[in-house]
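Chemist: here is my input, please return the structure:
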Amino acid sequence: MEELYELFNQLSERQRKLVLETPTLLDAFCIEASDKIGVDIDILRAHLMKLDAYAKGEVDRVVKLSNSVEVIKDKGMRLIERQSDRELWYNQMIVAPLVEALTIRELMDEGKSFEDSLTLLSEDKCEDVKADAKRRVIGARDLSSLVKKPTLVRWDDGSSRLEREKKATLYHEILNIMKDDDGSGHTKTELLRILRKDNSSWRTMCDEVLKYMESREIIIKQNRKYFYAKTFHSREHGYHREVYELLIEEALSKTAILNIMGYNNTKGRLKLSNALNQLMIEGLVQTDGRRWSVI
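Modeler: Numbering: from 1, shown residues only. Now for the predicted structure:
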């Protein structure tokens, strides 16, 4: 505690006496000393009280205060160790399992079965996908969106085998169109016209197929257009890229971003919130509650 005693001895004799005899002054001195030398306030206070007791020849008090210093140190170490344990718990029991879960979901979205995805994960044959999933988990401030329970729409509603086969065919035709899309998306009418199926019978069936694909997050609907999920979530998605590039320059609030982009209205605010949340899930941006910045 040489640094503490040096600071204490810089005071005049009267000031030292007042500090030791006045609890509020003692606390104020210890707070200031703690900022300068980086030692816990309780430890500094105990050391000064021990110094006072030693000067007054109060041997029993010196012993008690010495024991008190050790107790405070032990308490501090226990708090540090407990925090370390919590970080270990978070990394091993939250992050690691969630990374594996997201990796499997990504593989399934690529068309693999659950069992095949598990096998690839266990054989370490999907490291790129796993690395991307880990980046998303670590970068996310709110994990709830990553573990949202899927709401599945089923089309096996007692319809005939022929109708189910037609839905399956339409599903694969739409999926192929969406995968080849340049990111601009398609309306339902555009999809049906590309497939030359723009009539009342196919429109009804197309509604069911699109809802099914949307429920499984294969496609995403924004306004009237449908987008392939992987393309939509990509950082290169136009609107997302604009937002990201603005934040590269400086940290901005939502209002500042909207004013720059010229979309400061209800619709624009919702669109921006969705974009920022997606960029945050992907581990690209972060927020302090007021402003957004890149990671």
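
Chemist: quick one: low-confidence residue ranges for the stretch 101-250 of the chain.
Modeler: Counting by pLDDT under 70, the stretch 101-250 of the chain shows low-confidence ranges at 110-111, 141, 145, 150-158, 232-238.

Chemist: what segments of the stretch 51-200 of the chain are helices?
Modeler: 59-90, 96-109, 114-122, 127-139, 161-179, 188-194, 200-215 (DSSP state H, counting those that start in this stretch).

Chemist: how much space separates residue 164 from residue 214?
Modeler: 19 Å (CB to CB, to the nearest Å). For glycine as for every other residue, the C-beta is placed from the backbone atoms N, C-alpha and C.

Chemist: quick one: which of the helices of the stretch 51-200 of the chain is nearest residue 258?
Modeler: helix 127-139 (23.1 Å; CB to CB).

Chemist: only alpha carbons, please: show the closest one as PDB.
Modeler: Provided in PDB are the C-alpha atoms of helix 127-139 (Å, rounded to 0.1, in the frame of the first residue of the first chain):
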ATOM      1  CA  GLU A 127     -16.800 -25.200 -40.600                       C
ATOM      2  CA  ASP A 128     -17.700 -22.200 -42.800                       C
ATOM      3  CA  VAL A 129     -21.400 -22.400 -41.900                       C
ATOM      4  CA  LYS A 130     -20.500 -22.900 -38.200                       C
ATOM      5  CA  ALA A 131     -18.100 -20.000 -38.200                       C
ATOM      6  CA  ASP A 132     -20.900 -17.800 -39.700                       C
ATOM      7  CA  ALA A 133     -23.400 -19.000 -37.100                       C
ATOM      8  CA  LYS A 134     -20.900 -18.200 -34.300                       C
ATOM      9  CA  ARG A 135     -20.400 -14.700 -35.600                       C
ATOM     10  CA  ARG A 136     -24.100 -14.100 -35.600                       C
ATOM     11  CA  VAL A 137     -24.500 -15.400 -32.000                       C
ATOM     12  CA  ILE A 138     -21.600 -13.500 -30.600                       C
ATOM     13  CA  GLY A 139     -22.600 -10.300 -32.400                       C
END
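
Chemist: next, the angle from it to helix 114-122.
Modeler: Computed by axes from the mean of the first three to the mean of the last three CA atoms, to 10 degrees, the angle separating helix 127-139 from helix 114-122 equals 90 degrees.

Chemist: would you mind giving the helices of the stretch 51-200 of the chain as CSV with distance to residue 286 added?
Modeler: Formatted as CSV, those follow (distance: least, CB to CB, whole Å):
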stretch, distance to residue 286
helix 59-90, 17
helix 96-109, 18
helix 114-122, 28
helix 127-139, 7
helix 161-179, 31
helix 188-194, 37
helix 200-215, 29
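
Chemist: may I see those arranged in a markdown table, with mean neighbour count as well?
Modeler: What follows is the helices of the stretch 51-200 of the chain, written out as a markdown table (neighbours: other CB atoms under 10 Å):
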| stretch | mean neighbour count |
| --- | --- |
| helix 59-90 | 12 |
| helix 96-109 | 18 |
| helix 114-122 | 14 |
| helix 127-139 | 16 |
| helix 161-179 | 14 |
| helix 188-194 | 16 |
| helix 200-215 | 16 |
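
Chemist: from residue 172, how far off is the residue nearest the centre of the chain?
Modeler: Nearest to the geometric centre of the chain sits residue 140, at 1.3 Å (CA atoms, centre = their mean). Using CB to CB, residue 140 is found at 33 Å from residue 172.

Chemist: please apply the same query to residue 147.
Modeler: From residue 147 over to residue 172 (counting by CB to CB), the distance is 29 Å.

Chemist: part of a strand, is residue 217?
Modeler: No - using DSSP: H, G, I helix; E, B strand; the rest coil, the secondary structure at residue 217 is coil, not a strand.

Chemist: and it, its phi and psi?
Modeler: Taking degrees, to the nearest 10, you get phi 60, psi 30 for the backbone angles of residue 217.
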